[in-house]
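Asker: kindly generate the corresponding structure for this input.
(one chain, ligands or ions: 2)
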Amino acid sequence: MRFLSVVTVAEAVREGVRIAPATVTEYVLVEQSAGRVLAAVITADSDIPGFDRSVVDGYAVRSSDTTGASDAVPSLLQCMGQIAMGTGGTNLVIRDGECIYIPTGGILPQGADAAVMVEYTEDAGDTILIKKPVSHGENVLLKDEDFKKGEIVFRPGRRLTPQDAGVLAACGSARVPVAKKPLVGVISTGNELVPVTDIPGPGQVRDANASMLAAWLSEYGCVPKLYGIVRDEREAFEEIIAIALSECDLVLLSGGSSKDERDMTAGVIAGKGEVLIHGIAIAPGKPTIIGMIAGKPVFGLPGHPASAFVVLIAIVRPLLDRMLGLERPLLRTVKATLAQNVPSQRGREEYVRVRVENNVATPLFGKSGLLNTLVRSDGLIRIPAGYEGLEMGSDVEVILW
Ligand code: AMP
Ligand code: MG
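Answerer: Residues are numbered from 1 along each chain as shown. Ligands and ions are numbered 1, 2, ... in the order given. Predicted coordinates:
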């Protein structure tokens, strides 16, 4: 077969998701949970707070005792003592005409139903002048007002934030069930490639893809494992793929994915397993391979860094979303208006790099092999396969880098 028989982006994504390895759950310390994807429902193990508490420094009162209080005519309440933090055993009860000093977070004494901020009071020895009325429940957080015991606090699929870690801790989750980070092997192929540390000789280029893919994978919540550069030689190729597959959950190869005879990624995958897809109606990125060897996904990405990156985001990412159990992709998007017409070939989904300024997206057209547009752009817009382009002034959604 000389030409690629292409499938749609939707088909390729569906195939990738279908062969995604199952999510594995592991437990991490709550203080290390930010950025991880929650893998189970989290419920509150007790009422939060566990008791009625003041949210101000001031005096616990019966609100009815403060009715009409003002600077000119304060309510005079007798101070019965003070609430100590962290203990419930004061047994202090206040009756009509009484108050108790209470710090922020202190347990509300029996008989009290509100707290007056200290700023609106004056200490006159045993008597406290209350200069502002409070209503029932004012400045008080009721027991279980935040979360009730057994209430669902978080659902799986959420990427946890530092704030979430705080709430998880409050709920008693010292160890948090999260999706294990997928271990992704990265292999670069091509006789022309040299390591980053080398000065390229004539005809040589530095391996940019491995670093780019690994950096993106780390940021996306995976663990990349680099296997270096492999030459376009079948034996070496087979060997490195076998090692990577034995160690990783999936493997990404870049370069050598087209139908050129030196490009043998497809041949090697077919020899060891199965090529499921070879060719996707996407631009850039058409010569992409999705295969399986020994039950593990193997992707052959195009060699051009920009193409490899687009395929990573558009095709590989949904598989990783599934593995991570994400409820929605971790992509940031922004709505913008297109600054000029963008032509596109009907029948393929096109990804165009754009700059975004003040919600105006300006396409950056460049030769496909250029690296600079990857970093001079802010993100990508997607032109669906059924379109012959997008007109100036169209509303677009930009997938930000
Ligand atoms: P290929 O897909 O192997 O035909 O490669 C297409 C283009 O991408 C060629 O110009 C390669 O030199 C270039 N290329 C392939 N792999 C890499 C890589 N890892 N880093 C930078 N450029 C690459
Ligand atoms: Mg090559």
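Asker: how about residue 315: what's its closest non-neighbour residue?
Answerer: residue 12 (5.3 Å; Cβ to Cβ, 6 or more residues apart in numbering). (Each C-beta comes from the backbone N, C-alpha and C, glycine too.)
Asker: measure the residue of the stretch 101-250 of the chain found nearest ligand 2 to residue 239 for me?
Answerer: The stretch 101-250 of the chain approaches ligand 2 most closely through residue 190 (3.7 Å), counting by Cβ to the ion. Residue 190 is 17 Å from residue 239, where distance means Cβ to Cβ, to the nearest Å.
Asker: thinking again about what came up before, wait, the residue of the stretch 101-250 of the chain closest to ligand 2 touches residue 237, no?
Answerer: No: with contact taken as Cβ atoms under 8 Å, residue 190 and residue 237 are classed as non-touching, separated by 11.0 Å.
Asker: please name the nearest non-neighbouring residue to the residue of the stretch 101-250 of the chain closest to ligand 2.
Answerer: Spatially, and ignoring its direct neighbours in sequence, residue 190 is nearest to residue 255 (4.4 Å; Cβ to Cβ, 6+ apart).
Asker: list the contacts for the one you found?
Answerer: With contacts defined as Cβ atoms under 8 Å, 6 or more residues apart in numbering, the neighbours of residue 255 are 188-190, 193, 209, 263, 265, 301-303.
Asker: inside strands: which ones of those?
Answerer: 188-189, 193, 301 (DSSP state E).
Asker: quick check: the two most widely separated of those residues?
Answerer: In terms of Cβ to Cβ, those reach their longest pairwise distance at 193 and 301, which sit 13.8 Å apart.
Asker: give me the more crowded residue out of these two.
Answerer: Ranked by neighbour count (other Cβ atoms under 10 Å), residue 193 and residue 301 place residue 301 first, with 30 against 24.
Asker: how close does that one get to residue 350?
Answerer: Shown here: residue 301 relative to residue 350, a distance of 17 Å by Cβ to Cβ.
Asker: what comes into contact with the helix or strand where residue 80 lies?
Answerer: Under the criterion of DSSP states H and E, residue 80 resides in strand 75-82. Defining contact as Cβ under 8 Å, 6+ apart, one finds that strand 75-82 is touched by 59, 61, 65-69, 90, 92, 94, 97-103, 123, 126-130, 133.
Asker: switch the cut-off to 6 Å
Answerer: Here strand 75-82 makes contact (Cβ atoms under 6 Å, 6 or more residues apart in numbering) with 65-66, 69, 94, 97-101, 126-128, 130.
Asker: just the closest residue of this structure to ligand 1, please.
Answerer: Among the residues of the chain, residue 303 lies closest to ligand 1, at 2.3 Å counting by Cβ to the nearest ligand atom.
Asker: which ones are touching that residue?
Answerer: Contact analysis of residue 303 by Cβ under 6 Å, 6+ apart lists 254-255.
Asker: and residue 62, by the same measure?
Answerer: Taking Cβ under 6 Å, 6+ apart as the criterion, residue 62 is in contact with no other residue.
Asker: so for the longest helix that the chain contains, what gets flagged as buried?
Answerer: Longest helix in the chain by number of residues, with DSSP state H as the criterion: helix 234-247. Judged by neighbour count (16 or more other Cβ atoms under 10 Å), helix 234-247 contains these buried residues: 237-238, 240-241, 244-245.
Asker: which one of those is nearest to residue 34?
Answerer: residue 244 (29.4 Å).
Asker: list the buried ones in stretch 47-58?
Answerer: Across stretch 47-58, burial judged by 16+ other Cβ under 10 Å covers 47-49, 52-54, 56-58.
Asker: from these, which ones fall inside strands?
Answerer: The members of the buried residues of stretch 47-58 that map onto strands under DSSP E are 53-54, 58.
Asker: okay if I get the residues you listed as JSON lines plus pLDDT and distance to ligand 1?
Answerer: Shown next, in JSON lines, are those (pLDDT from 0 to 100; distance: Cβ to the nearest ligand atom, whole Å):
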{"residue": "53", "pLDDT": "95", "distance to ligand 1": "59"}
{"residue": "54", "pLDDT": "96", "distance to ligand 1": "62"}
{"residue": "58", "pLDDT": "97", "distance to ligand 1": "65"}
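Asker: which of those residues lies closest to residue 364?
Answerer: Looking at those and their distance to residue 364, the nearest is residue 53, at 56.0 Å (Cβ to Cβ).
Asker: can you pull the contacts of the closest one?
Answerer: When contacts are counted by Cβ under 6 Å, 6+ apart, residue 53 touches 105, 107, 141.
Asker: now swap in residue 116 and tell me
Answerer: The contact partners of residue 116, taken as Cβ under 6 Å, 6+ apart, are 58-59, 61, 130, 134.
Asker: can we see that at 8 Å?
Answerer: Applying Cβ under 8 Å, 6+ apart, we find residue 116 in contact with 56, 58-59, 61, 66, 99, 130, 132, 134, 139.
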